[in-house]
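Colleague: pasting the sequence and the predicted model now:
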Amino acid sequence: MKERRIIVFDTTLRDGEQSPGVSLSESEKLEIAIQLARLGVDVIEAGFPVASKGELEAVKRIAKEVKGPVIAALARASEEDINAAAEALSPAERKRIHTFIATSDIHMQYKLKKSRDEVIEMTREAVSYARKFTDDVEFSAEDATRSDPDFLCKVFEVAIDAGATTINIPDTVGYALPHEYGELVRTVMNKVPNIDRAVVSVHCHDDLGMAVANSIAGIIAGASQVECTINGIGERAGNASLEEIVAIIYCRQKVLNCYTSINTELISRTSNLVSILTGMPVQPNKAVVGANAFKHESGIHQHGMLSNPLTYSILDPKLFGVTEEVIVLGKHSGRHALEMRLQKLGYELNKGQLDQVFKRFKELAEKKREVTDMDLAALVSDVLHTAPEIYQLDYMHVVSGKGTVPSATVRIQFGDEILLATGTGVGPIDALYKTIDKLITIPHRLVDFSVRSVGPGTDAVAEVFVRIADEEGNLFGGYGISTDTIEAAAKAYMHALNKLAHSKAQQKSKPNQLAVGSCAGA
Ligand code: KIV
Ligand code: ZN
């Protein structure tokens, strides 16, 4: 039988962005969308335009600037939502309106307060209304896995009759077992009389850790679109992870008899980008993209790997963009060597960015001698994701030790002013952050802080992720790297604070009205 091509529908920017604590700016969403297009996803669900003006504008920008994949926007089964989706998608070359309504009794009774007949009518009206704007309309039956299968099939029949070209079967609450989910997909494929006119799609959540297994069960049952997110981010425990699904389809292609069009070599880089921009680190033991995913620790495994990598490894890390190569600084490792290496890793940098990366590479290589591909990826992210530096960290001195009160001295440049303060804390990072807070007094609170090491050894580069929230609860992520963990923490905090300051400055369009703390050195 001929291999089936599985359509990869990425919803990192919609369901993924619904992860608690994640909030991406318009330019960050665009950057992720461009990377998803490079990765080769077929559909990018860019957002839920009716949610806010900002969301609508971000979807519109992606629709205008990202070419290749179909750009989709989510809408409830209402004219207002569909109008917003249609407006946001208007510049897209290829667009899809994705409309949905819940079909489980519990949702219809308590959330929608609608009868089955009303839901059927709303489905018909929403899909036919969406078809006025595009020929590509997806319909989802929210909470499909807890719906009465006969009713679900009826709703899908009506949706297809009204013009839906894709019907999606969400396991909204991550409840189904793989064999049950596969059975439901089979039921839909066998019982919906006009199913041959639509693509069947799977969409699974990970509440019981089965999102990927359920998605694969759905594909085995005949679904030909899979909805997923980078790093599996999403509402609650998240969605099915794109990299795991793609790796499974790649690794077990003969059994599954299908393939995707994903450029697997860009998976690691895409995962990194999403992790940095969302401020959500990837757990080290995560399949395919975790820092330990391809590492072998035990002697027996290492011995086997040296004799034949197939003894303990089923995936070639290089195929997923994970490389162990190092650039050793010497008289031959100049700008050209770095440029070639970055190109090989898939980075497209302009001259200014390359200059900055080269400068940072030299600084790092002086401290570390060997700079790995992982170090380079972190370095490039650090350079590319610097916010406009309204506040520049000019000097810091942090003291900690046994029997000492941790303290920090920080000097920050703000326009022509030099701000200087000292402070103490319960630890060195607490002292540092409290001292920075004396100088940058825009109201905010730290909501998340995490450190991870890029590679092994005490000279490894440390990556720090922070998230801060302003008074309205808007979140700003920060990222910093250095071989010095405290310096990385300072950079990450300054990065987030500069984003916050930039957003406040844009609101007021008067940067000199920004809050500035006491200015001992001015
Ligand atoms: O999980 C879900 O039900 C959804 C739908 C809106 C597709 O995300
Ligand atoms: Zn979902």
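Modeller: Yep, that arrived. Every value quoted in this text rests on a predicted model; they were computed, and no experiment measured them. Ligands and ions are numbered 1, 2, ... in the order given.
Colleague: Ala378: how many residues sit nearby?
Modeller: Neighbourhood size, Ala378 [other C-beta atoms under 10 Å]: 25. Any C-beta I mention is one placed from the backbone N, CA and C, and that applies to glycine too.
Colleague: wait, it touches Ser453, no?
Modeller: No: in this structure, Ala378 is not within contact of Ser453 by C-beta atoms under 8 Å, at 10.4 Å.
Colleague: who touches both of those two?
Modeller: Val461, Glu463 (C-beta atoms under 8 Å, 6 or more residues apart in numbering).
Colleague: the helix or strand of the chain with the lowest mean pLDDT: what's the following helix or strand?
Modeller: One helix or strand of the chain scores below all others by mean pLDDT, DSSP states H and E: strand 326-328, with a mean of 59. Sequence-wise, the next helix or strand downstream of strand 326-328 (DSSP states H and E) is helix 335-344.
Colleague: that following helix - contacts with which helices or strands?
Modeller: For helix 335-344, the packing partners by 3 or more C-beta pairs under 8 Å, 6 or more residues apart in numbering; DSSP states H and E come out as strand 326-328, helix 351-368, helix 373-384.
Colleague: Ile82 contacts Thr99, correct?
Modeller: Yes: with contact defined as C-beta under 8 Å, Ile82 counts as touching Thr99 (6.3 Å).
Colleague: which residues are in contact with both of the two?
Modeller: Common contacts of Ile82 and Thr99 (C-beta under 8 Å, 6+ apart): Ala75, Ala126, Ala130.
Colleague: rounded mean pLDDT for stretch 102-110, please.
Modeller: On average, the pLDDT along stretch 102-110 is 98.
Colleague: how about stretch 154-172?
Modeller: Taken as a whole, stretch 154-172 has an average pLDDT of 98.
Colleague: three-state assignment of the residue of the chain most remote from its centre?
Modeller: Distance from the centre of the chain peaks at Gly403, with 42.4 Å (C-alpha atoms, centre = their mean). The three-state assignment at Gly403 reads coil, by DSSP: H, G, I helix; E, B strand; the rest coil.
Colleague: can you tell me which residues contact it?
Modeller: Contacts of Gly403 (C-beta under 8 Å, 6+ apart): none.
Colleague: any idea how far it is from ligand 1?
Modeller: Going from Gly403 to ligand 1 by C-beta to the nearest ligand atom, to the nearest Å gives 54 Å.
Colleague: before we move on, what about Val212?
Modeller: Distance of Val212 to ligand 1, computed by C-beta to the nearest ligand atom: 15 Å.
Colleague: secondary structure element holding that residue?
Modeller: Residue-wise, Val212 maps onto helix 211-220 under DSSP H and E.
Colleague: after that helix comes which helix or strand?
Modeller: Per DSSP H and E, the first helix or strand lying C-terminal to helix 211-220 is strand 225-228.
Colleague: quick check: mean pLDDT of stretch 53-67?
Modeller: When pLDDT is averaged along stretch 53-67, the result is 97.
Colleague: what lies in contact with that stretch?
Modeller: By C-beta under 8 Å, 6+ apart, the residues outside stretch 53-67 that reach it are 13, 26, 29-30, 33-34, 37, 44, 46-50, 71, 73, 84-85, 87-93, 95.
Colleague: picking up where we left off before, show me which of the shared contacts of Ile82 and Thr99 is closest to Ile106.
Modeller: Nearest to Ile106 out of the shared contacts of Ile82 and Thr99 is Ala126 (C-beta to C-beta; 20.8 Å).
Colleague: many thanks, have a good one.
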